[in-house]
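Asks: got a predicted model here, sequence first, then my questions.
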Amino acid sequence: MTTWRQHAVSRVIPFTTTLARMRIAVFLVMVILAFGLPIKGQEPPSPKAEPPTVVDAPPVYCPICGAQNKAGSKFCLKDGSPLPTLDPGRATSSFVRATEAFSVEEIQAAIQEAARSVVRIRVKATASLRYPELDDDGLGYLEVDTDEESLIGSGFVIDADGSVVTNAHVAAPFGGGAELSVDSTGGESYPAKLVGFDEASDLAVVRIEAGKLPPLTWGDSEKVLLGEETWALGNPLNIGFSMTRGNISSVVRVRMGMHQVENFLHSDAFFTNGNSGGPLVSVRGLVLGVNDMGYSGSKSQGYSIPSRMARLVVEKIRTQGAYKRGFLGLQVHALDSESIRKYSIKRTGGVVVETVLPGFPAAAAGFRQGDLIFGVNGHGAPETYLLQEAISSVGPEVPLTIAVERGGQVVSVPVTTTLRPPTPRIDPVQDLQRYLQAEFVEDAKKKDVLLKIANSFSVAVNYGFEDGQKVESVLAAKDWPSEVVLHPEVYRANHPHPVKSLADLREALGGMYLGGRLGVAFSMKTDRVRVISLVLDEEWAVLI
C-alpha cells in the first residue's frame, strides 16, 4: 500500500527539468502569436475593422494660428506649434469652426472662390419717372424723366440652372421691361432674362442660359454674431469686381422704412452704387445677406437683406415667378412702454395693432386698435418682422388663428388671408401726421381743419408750419404741373382742392404718393395766407 508520503515523494520533479519545459512552452506561445495560429480549443478571432487611415482622418487645425494642417501632422506647418492628437472616431459632421479660427490664407481662398459666382448686371431701360422736388427756395415742382438709362448692379449665381439673385431696383428699375445682360468675373458675357421680382422686399431673380458659373451657398443670418467678419462682393461704380471687408455692426435687425418688408443686417463693409444685389459673405464664403443700400459719405452704413429672408423670397420667385404674399390689413408696431401703459398690456413680447385698414380681412375678423398679437397658428411671433413674414409666407386665401391679448384677456381670432396689394397704405391723413409729427383737427361747427403742433421739434416746424394754422386748400403731387415751380399764382392756377373737413383733406392727400416720395402743397392761413410745399421720401409703415 502506498503511503501519502510515498505518493508525495513519487510526484517530485527535478527543478532543472521543469525550467526547460517552461522555456519550451513560452517559445511555442510566441510562435503561435507571431503567425496568428489558433490555440487549441479556442475559436480564431474575428477580423476587426481597420482604424481610419490618415487619409480618411479630418485635417488638424492649429490652436494658435488656426491654420489647417494635413491629418496626422504633429506640428503646425505655419508657426511650428504642437498640434493636438485627434481621435477620428470622435469627429462629428456638425463641428463648425469659429470664424476667428480661420487663417488669412483660408479666408482669402474662400473669398476668391466665392468671387467666381459674383456677376455684374447691365441694365438698359427707358425711364418713366415723375416725382416731386423742392427748389432752393423751398417751392415744389414736378421732375419728369423719360430718358433711356444704362444702369449697373451686382448679383450672384445661386443654382446650377444659372439663377442669379439681385435687387428688384437693379433688375426691374421701372417695373420690368428692361434689357439685361450678365458679365462674370472671368470676362464672359451672357444675355439674361428676368424670372420675377418682389418689390416689397426689393429682391429679384434673373436667369442666364449658361450654367458654367459655380453657385454660392446660403449661410444662416440668424446665427451671425456681433463683430463677425464679413465681406461685401460686387461691382461698385462700374469699376470692375471689388471686395470690401467689415464686421457685423448690429445683431438687432434694422428697419429703415425704405421697403414694405425689411429686416436689414447692418455691416460696416462699405458698398456704394453698383454694389446693390451683390452678396455679403462670411469668412467661409457663405451668403449671409444680399447687399441692398448704403449711405454715401459714410463708411459704416451698409445694409443687407438677411439670408434667411432672402432665401425664402428667392425660392418662391425662382420656382413660381412671383412671391404671392398673404395679407390681413393691419398696421402694427413693436411693443413699447407707451403702448403697455395706454392699452394696459400684461405681456412683455408681441406686436401692437395701431390701425385696422377698412375693407380687408382683419376688419371683418374684428381686430381692434390696441390688440397685442403674439402668435400665429400656435407659433410665437414676438417681433414685427416675424409676424409680417408669418402672414406673408402662407400666401392668400389661407385660414389662420391669431393669438391676441385684448383688455388683459387672451383670445384666438380666426381670419383668412388675402393677396397683399402692390402698395398697401394706411389712411393718408394718419400717414401725413406720422411724417409731420403733428395732428389735423376738424372743427365741425366752423367747417375748418386746423393743424396742431404739440412738439416744437417736429418736422412740421422745419417746413414752416405753425401751430393753429387753418388748412384752406391742398394740391397733391399728382396734380402738380410738370417742371413748373409752385409759386402762389401757379398754385392757385392749378385748381387746389378746398378743405372744409377731414374727409376733404383725406380725399386730396390720396394723390401725394408719387415716385417713392410724398409731395403736397398747402395753402395755410393764420393772420396771412401762405403756400407751403412739402416733399419727403416715403417711409413704409409696417403692414401685415
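Replies: Arrived safely. Numbers count the residues shown, from 1 in each chain.

Asks: for the residue nearest to the spatial centre of the chain, which non-adjacent residue is closest in space?
Replies: By Cα atoms, centre = their mean, the chain has its centre lying nearest to residue 306, at 2.2 Å. Take residue 306 and drop its neighbours on the chain: the residue closest to it by Cβ to Cβ, 6 or more residues apart in numbering is residue 221, 3.5 Å away. C-beta coordinates here come from the backbone N, C-alpha and C atoms, glycine included.

Asks: can you count the residues close to residue 273?
Replies: The number of residues packed near residue 273 is 15, by other Cβ atoms under 10 Å.

Asks: how about it, secondary structure?
Replies: Secondary structure of residue 273, reduced to three states by DSSP: H, G, I helix; E, B strand; the rest coil: coil.

Asks: per-residue pLDDT of it, please?
Replies: You'll see residue 273 listed with a pLDDT of 81.

Asks: thinking it is in contact with residue 237, fair?
Replies: Yes. With contact defined as Cβ atoms under 8 Å, residue 273 and residue 237 form a contacting pair (5.9 Å).

Asks: and the gap between the residue nearest to residue 306 and residue 424?
Replies: Relative to residue 424, residue 221 is positioned 26 Å away (Cβ to Cβ, to the nearest Å).

Asks: what's around residue 207, how many residues?
Replies: Residue 207 has 20 neighbours, counted by other Cβ under 10 Å.

Asks: check contacts around it.
Replies: Neighbour list for residue 207: 161, 162, 163, 164, 192, 193, 195 [criterion: Cβ atoms under 8 Å, 6 or more residues apart in numbering].

Asks: before we move on, what about residue 287?
Replies: 156, 216, 217, 218, 219, 279, 280, 281, 307, 310.

Asks: about what we covered before: okay, and the beta partners of the residue nearest to the centre of the chain?
Replies: residue 289 (DSSP bridges).

Asks: hmm, back to that, list phi and psi for the residue nearest to residue 306.
Replies: The phi and psi values for residue 221, taken as degrees, to the nearest 10, are phi -70, psi -20.

Asks: pull the number of nearby residues for residue 409.
Replies: For residue 409, the neighbour count with other Cβ under 10 Å is 8.

Asks: tell me the pLDDT at it?
Replies: Per-residue pLDDT puts residue 409 at 92.

Asks: just residue 150 next, same as before
Replies: We have a pLDDT of 87 for residue 150.

Asks: looking at this, it is in a helix?
Replies: No. Judged by three-state DSSP, residue 150 forms no part of a helix; its state is strand.

Asks: can I assume it is in contact with residue 126?
Replies: No. In this structure residue 150 lies outside contact range of residue 126 using Cβ under 8 Å: 10.9 Å.

Asks: looking at these two, which has the bigger crowd around it?
Replies: Between residue 150 and residue 126, residue 126 has the larger neighbour count (other Cβ under 10 Å), namely 13 against 10.

Asks: now the more buried one: how far from residue 149?
Replies: 7 Å.

Asks: next: residue 58.
Replies: Note on residue 58: its distance to residue 149, by Cβ to Cβ, is 52 Å.

Asks: for residue 269, give me its contacts.
Replies: 230, 231, 232, 244, 245, 246, 247, 280, 302.

Asks: now swap in residue 67 and tell me
Replies: With the criterion set at Cβ under 8 Å, 6+ apart, residue 67 makes contact with 61, 76, 77, 78, 79, 103, 105, 106.

Asks: quick one: the fifth one and residue 107, what's the gap?
Replies: Meaning residue 79. For residue 79, the distance to residue 107 - Cβ to Cβ - is 17 Å.

Asks: so between those two, which is more surrounded?
Replies: With neighbours defined as other Cβ under 10 Å, residue 79 and residue 107 compare such that residue 107 has more, 19 against 10.

Asks: in a helix, the more buried one, correct?
Replies: Yes. Assigned with three-state DSSP, residue 107 falls within a helix.

Asks: tell me the pLDDT at it?
Replies: If you check residue 107, the pLDDT there is 87.

Asks: for the chain, give me the ranges with low pLDDT.
Replies: Counting by pLDDT under 70, the ranges of the chain that qualify are 1-57, 86-96, 210-211, 252, 254, 296-300.

Asks: so of the contacts of residue 287, which ones are in helices?
Replies: If you go by DSSP state H, the contacts of residue 287 have 307, 310 in helices.

Asks: mind giving me the ChimeraX command for buried ones among the contacts of residue 287?
Replies: Those of the contacts of residue 287 that count as buried under 16 or more other Cβ atoms under 10 Å are selected in ChimeraX with:
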select :156,216,218,219,279,280,281,307,310
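
Asks: alpha carbons of stretch 428-438, as PDB, please.
Replies: Provided in PDB are the C-alpha atoms of stretch 428-438 (Å, rounded to 0.1, in the frame of the first residue of the first chain):
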ATOM      1  CA  PRO A 428     -53.400 109.300 -45.800                       C
ATOM      2  CA  VAL A 429     -54.300 111.800 -43.100                       C
ATOM      3  CA  GLN A 430     -52.800 109.500 -40.400                       C
ATOM      4  CA  ASP A 431     -49.800 108.800 -42.600                       C
ATOM      5  CA  LEU A 432     -49.000 112.500 -43.100                       C
ATOM      6  CA  GLN A 433     -49.500 113.100 -39.400                       C
ATOM      7  CA  ARG A 434     -46.900 110.400 -38.800                       C
ATOM      8  CA  TYR A 435     -44.400 112.200 -41.000                       C
ATOM      9  CA  LEU A 436     -45.100 115.700 -39.700                       C
ATOM     10  CA  GLN A 437     -45.400 114.800 -36.000                       C
ATOM     11  CA  ALA A 438     -48.400 116.900 -35.900                       C
END
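
Asks: so for that stretch, what gets flagged as buried?
Replies: Counting neighbours by 16+ other Cβ under 10 Å, stretch 428-438 gives 428, 429, 430, 431, 432, 433, 435, 436, 438 as buried.

Asks: ok, residues contacting the helix or strand harbouring the fifth one?
Replies: I take that to be residue 432. According to DSSP states H and E, residue 432 maps onto helix 428-436. Contact with helix 428-436 is made by 355, 425, 439-440, 458-460, 463, 465, 502, 505-506, 509-510, 512, 518, 520, 534, 536, 539, 541, as judged by Cβ under 8 Å, 6+ apart.
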